[in-house]
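A.B. asks: Sequence first, then the predicted structure, then my questions.
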Number of protein chains: 2
Amino acid sequence: MSLHGSKKRKLDRKTEDHMYFDSYSDVTIHEEMISDTVRTNTYRMGIFKNSKSIEGKVVLDVGAGTGVLSLFCAQAGARKVYAVEASSIADQAVKIVKLNQMEDRIEVIKGTLETIELAERVDVIVSEWMGYALLHESMLNSVIFARDKWLKPGGLILPSRADLYIAPINDVVVEGRLNFWSTVKAQYGVDMSCMTDFARKCIMNKDITVNPVTVEDVLSHPCRFAELDLNTVALEQLRDVRGAFSCRCFGSSAVHAFCVWFTVTFPDEEKPLVLSTSPFKPETHWKQAVLYLDDAVDVVQDTKVDGEISLFPSDEHSRHISIRLDFVIGEHKKHSKIFSIPDQYVEVK
Amino acid sequence: MSLHGSKKRKLDRKTEDHMYFDSYSDVTIHEEMISDTVRTNTYRMGIFKNSKSIEGKVVLDVGAGTGVLSLFCAQAGARKVYAVEASSIADQAVKIVKLNQMEDRIEVIKGTLETIELAERVDVIVSEWMGYALLHESMLNSVIFARDKWLKPGGLILPSRADLYIAPINDVVVEGRLNFWSTVKAQYGVDMSCMTDFARKCIMNKDITVNPVTVEDVLSHPCRFAELDLNTVALEQLRDVRGAFSCRCFGSSAVHAFCVWFTVTFPDEEKPLVLSTSPFKPETHWKQAVLYLDDAVDVVQDTKVDGEISLFPSDEHSRHISIRLDFVIGEHKKHSKIFSIPDQYVEVK
């Protein structure tokens, strides 16, 4: 019985920032991130594998949170780490740095990357900036700003690359929820089967849903549709990250949705280290972004699923992501749909 | 990574109502309620057991939703059912009534109980008005309004009575979450144990948390602290529903919280029928309302836990419930804490 509203209006940037940073002032999100062992262990390994580039060097941690990545960098031999964090969790980072006796090497700076000043340029930037569907929260913008303003030429960015993937999926949970209304008569003696259409409109809507997708539900090989080289990508490019995809279905099923996920890669002399949020890999707190069609579409083996996808900041809230999907499944005609992250605020005037 | 704000302001009544009814326009909440078999089956049985009072009579269903209770009443022989529903789910109720060929006996009226007009007074009022901690959403106010305006003298209200209970509980999930920060060093080589205090402040906060409490976590017999007779309770009484409680603990444990739940009762000549949301009974979608202390308190067998509890509408949002708790555990001194349902909206100005 959760209260939520449906009206939206454009928020000003200051309100957006306040809401954004405020969301990191609670312990739950940090507990979720630290206890995501895929995330935290891959960053730890990615940092240690690059210790040659970190030893004796200056590091900038963009959006340091509790400071765990800054501590990994200090452990990897950094001479100095600037841990920049705008939310009040910075106060906890200060305590953690002290508890680990790293206060002579890690300086926690409470403020936004865009407004703070550093005493020097840096050799390395480390950041865990990825949001749902990679770009939700638009934190990559701050990393690029930091790169352009504070990174020495030829400096290192960890991770240094991101890739985006898409695949069609079946969704047995949604199938069960739609079927539920046809089971009510047997249970309570009241026929509610006419609710199915309404349920479909509500469930297969325009929200970007964040769900863990299971391997069995993925209906084709993943299709990579975009890559971002963090050494060179420009801010303007983030206003429209797009690509084409073409998949062939494994076998007979119904497509309920497309599923979008990402990987980021840490450079390494031997073998690059990949942090993957793929449904084919162990689950992370990012899960997958699920984009529902208006209705299920039946496919068979080798049915082609082609399309174009574009990620861009939403009109109402520039830190929120929107996704435009144009797709053709088999012989069906082309369909277009625009998705966005559901707002958790309402217009109160 | 959910965005949420912390600032609140008093909303006007119209905005509150809009947000409230809007929350019932999605399918999910209705699916949750209908698939709650304890809820729906007990209402069904409560209506059928009272069919002598319903046969050939006129019924008013307050907040009819999808109309399922109206259909039960028609099946129990009601001559006419007025199904009043303010949210857009009323449109689905119209379809369901038609599908079940009851349109000559059930009239769906889209509007708020306080503003609609009926052609006649009614013999029976049926309503599923209970929110979290019984009174969240303040829908009982509308039932009482309906009783005073539309129910014939001596008419029947289903259910006719509500009772509120409290008990101290242990919470192993919270214990684990607080302990988590002491496990980080072993896992990642960074000592984060100093986060425990911060985590406790965030988790054991002033929110009314809605959680399923397991039997093993309940530390004493339930203590009933309030009862409401729906035939006689007045609107003014709902502005402060309070009572005292006194429990004795079963054995050695730590009290993390108090747990509040309710029952409602359908009259019956033989044996009254009780819809229970107790942690000792099968789970319902209401789960239990959990009120965390600021810190865990150790108890042993027969430690006394005494106190007073008061439920009242919140200052910021009159449909939201607040709970004031004054309690003494064993030899500890008296402690007071005021809880409220966390807001899901923010001040955007």
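C.D. replies: Sure thing, it's come through.
A.B. asks: For the rest of this, base every contact and every neighbour count on C-alpha atoms.
C.D. replies: Will do.
A.B. asks: Residue A:74 and residue A:101 touch, don't they?
C.D. replies: No: using C-alpha atoms under 8 Å, residue A:74 is not in contact with residue A:101; the gap is 10.5 Å.
A.B. asks: The two: who's more crowded?
C.D. replies: Neighbours were counted for residue A:74 and for residue A:101 using other C-alpha atoms under 10 Å in any protein chain shown; residue A:74 has more, 24 against 11.
A.B. asks: mind listing what's buried in the strand or helix carrying the more buried one?
C.D. replies: In the assignment (DSSP states H and E), residue A:74 maps to helix A:68-75. Judged by neighbour count using 16 or more other C-alpha atoms under 10 Å in any protein chain shown, the buried positions of helix A:68-75 are A:68, A:69, A:70, A:71, A:72, A:73, A:74, A:75.
A.B. asks: Grab the nearest non-local neighbour of the first one.
C.D. replies: Read it as residue A:68. residue B:190 (7.2 Å; C-alpha to C-alpha, 6 or more residues apart in numbering or on different chains).
A.B. asks: what's the pLDDT at that neighbour?
C.D. replies: Residue B:190 is assigned 98 on the pLDDT scale.
A.B. asks: ok, and what's touching the longest helix anywhere in chain A?
C.D. replies: For chain A, the longest helix by residue count, based on DSSP state H, is helix A:37-49. The contact list for helix A:37-49, computed with C-alpha atoms under 8 Å, 6 or more residues apart in numbering or on different chains, reads A:33-34, A:69, A:72-73, A:76, A:158-159, A:266-268, A:273-275, A:282-284, B:188.
A.B. asks: Just the ones in helices from those, please.
C.D. replies: Per DSSP H, the subset of those in helices is A:33, A:34, A:69, A:72, A:73, B:188.
A.B. asks: Indicate the residue of the stretch 151-300 of chain A located nearest to chain B.
C.D. replies: Relative to chain B, the nearest point of the stretch 151-300 of chain A is residue A:199 (5.5 Å; C-alpha to the nearest C-alpha).
A.B. asks: check contacts around that residue.
C.D. replies: Applying C-alpha under 8 Å, 6+ apart, the residues contacting residue A:199 are A:177, A:178, B:27, B:28.
A.B. asks: And whichever helix or strand it is part of, what's buried?
C.D. replies: Following DSSP H and E, one finds residue A:199 within helix A:195-203. For helix A:195-203, the neighbour count (16+ other C-alpha under 10 Å) marks A:195, A:196, A:199, A:200, A:202, A:203 as buried.
A.B. asks: that older thread, please name the strands paired to whichever helix or strand comes after the helix holding residue A:74 in the sheet, noting orientation.
C.D. replies: Using DSSP H and E, the next helix or strand after helix A:68-75 towards the C-terminus is strand A:80-85. The pairing partners recorded for strand A:80-85 under DSSP bridges are strand A:58-62 (parallel), strand A:106-110 (parallel).
A.B. asks: For chain A, which segments are assigned as helices?
C.D. replies: Using DSSP H, helices in chain A cover A:13-22, A:27-34, A:37-49, A:51-54, A:68-75, A:90-99, A:140-150, A:172-180, A:184-188, A:195-203.
A.B. asks: which residues does residue A:305 contact?
C.D. replies: With C-alpha under 8 Å, 6+ apart, residue A:305 has these contacts: A:168, A:246, A:247, A:248, A:249, A:327, A:328, A:329, A:330.
A.B. asks: Check residue A:121 too.
C.D. replies: Contacts for residue A:121 (C-alpha under 8 Å, 6+ apart) come out as A:58, A:150, A:151, A:152.
A.B. asks: could you measure the second one against chain B, distance?
C.D. replies: Here the criterion is C-alpha to the nearest C-alpha, to the nearest Å. By it, residue A:150 lies 27 Å from chain B.
A.B. asks: Return the distance of the closest residue to that residue other than its chain neighbours relative to residue A:149.
C.D. replies: Nearest non-adjacent residue to residue A:150, counting by C-alpha to C-alpha, 6+ apart: residue A:121, 4.8 Å away. According to C-alpha to C-alpha, to the nearest Å, residue A:121 and residue A:149 sit 8 Å apart.
A.B. asks: Likewise for residue A:286?
C.D. replies: 29 Å.
A.B. asks: Between the two, which is the more surrounded one?
C.D. replies: Neighbour count, other C-alpha under 10 Å: between residue A:286 and residue A:149, residue A:286 has more, with 23 against 13.
A.B. asks: what sits against the residue lying closest to that one once chain neighbours are set aside?
C.D. replies: Excluding the flanking residues, the one nearest residue A:286 by C-alpha to C-alpha, 6+ apart is residue A:132, at 5.8 Å. By C-alpha under 8 Å, 6+ apart, the contact list for residue A:132 reads A:210, A:286, A:288, A:289.
A.B. asks: can you count the residues close to the last one?
C.D. replies: Residues lying near residue A:289 (other C-alpha under 10 Å) number 24.
A.B. asks: and it, bridged to which residues?
C.D. replies: residue A:210, residue A:260.
A.B. asks: How about the one 10 residues further on?
C.D. replies: Note on residue A:299: beta-bridge partners residue A:253, judged by DSSP bridges.
A.B. asks: Any part of the helix-or-strand element of chain A with minimal mean pLDDT near chain B?
C.D. replies: Lowest by mean pLDDT, DSSP states H and E among the helices and strands of chain A is helix A:13-22, with a mean of 76. Yes: Helix A:13-22 reaches chain B (C-alpha under 8 Å from any C-alpha of the partner chain) through A:15, A:18, A:19, A:20, A:22.
A.B. asks: Which of the residues in that helix are classified as buried?
C.D. replies: Applying 16+ other C-alpha under 10 Å to helix A:13-22 flags A:16, A:17, A:18, A:19, A:20, A:21, A:22 as buried.
A.B. asks: again, but for stretch A:334-343
C.D. replies: Quick answer for stretch A:334-343 (16+ other C-alpha under 10 Å): A:337, A:338, A:339, A:340, A:341, A:343.
A.B. asks: what sits against residue A:231?
C.D. replies: Residue A:231 sits next to A:157, A:160, A:161 when contact means C-alpha under 8 Å, 6+ apart.
A.B. asks: got JSON lines for the residues you listed, with distance to chain B and neighbour count too?
C.D. replies: Below are these laid out as JSON lines (distance: C-alpha to the nearest C-alpha, whole Å; neighbours: other C-alpha atoms under 10 Å in any protein chain shown):
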{"residue": "A:157", "distance to chain B": "22", "neighbour count": "23"}
{"residue": "A:160", "distance to chain B": "22", "neighbour count": "18"}
{"residue": "A:161", "distance to chain B": "22", "neighbour count": "19"}
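A.B. asks: Tell me the one of those residues nearest residue B:62?
C.D. replies: Distance to residue B:62 across the contacts of residue A:231 (C-alpha to C-alpha) is lowest for residue A:161, with 57.2 Å.
A.B. asks: The closest one contacts residue A:232, correct?
C.D. replies: No: with contact defined as C-alpha under 8 Å, residue A:161 does not count as touching residue A:232 (9.8 Å).
A.B. asks: excluding its backbone neighbours, what's nearest residue A:309?
C.D. replies: That would be residue A:325: by C-alpha to C-alpha, 6+ apart, it lies 4.6 Å from residue A:309.
A.B. asks: Tell me how far that neighbour lies from residue A:168.
C.D. replies: Distance from residue A:325 to residue A:168, counting by C-alpha to C-alpha: 12 Å.
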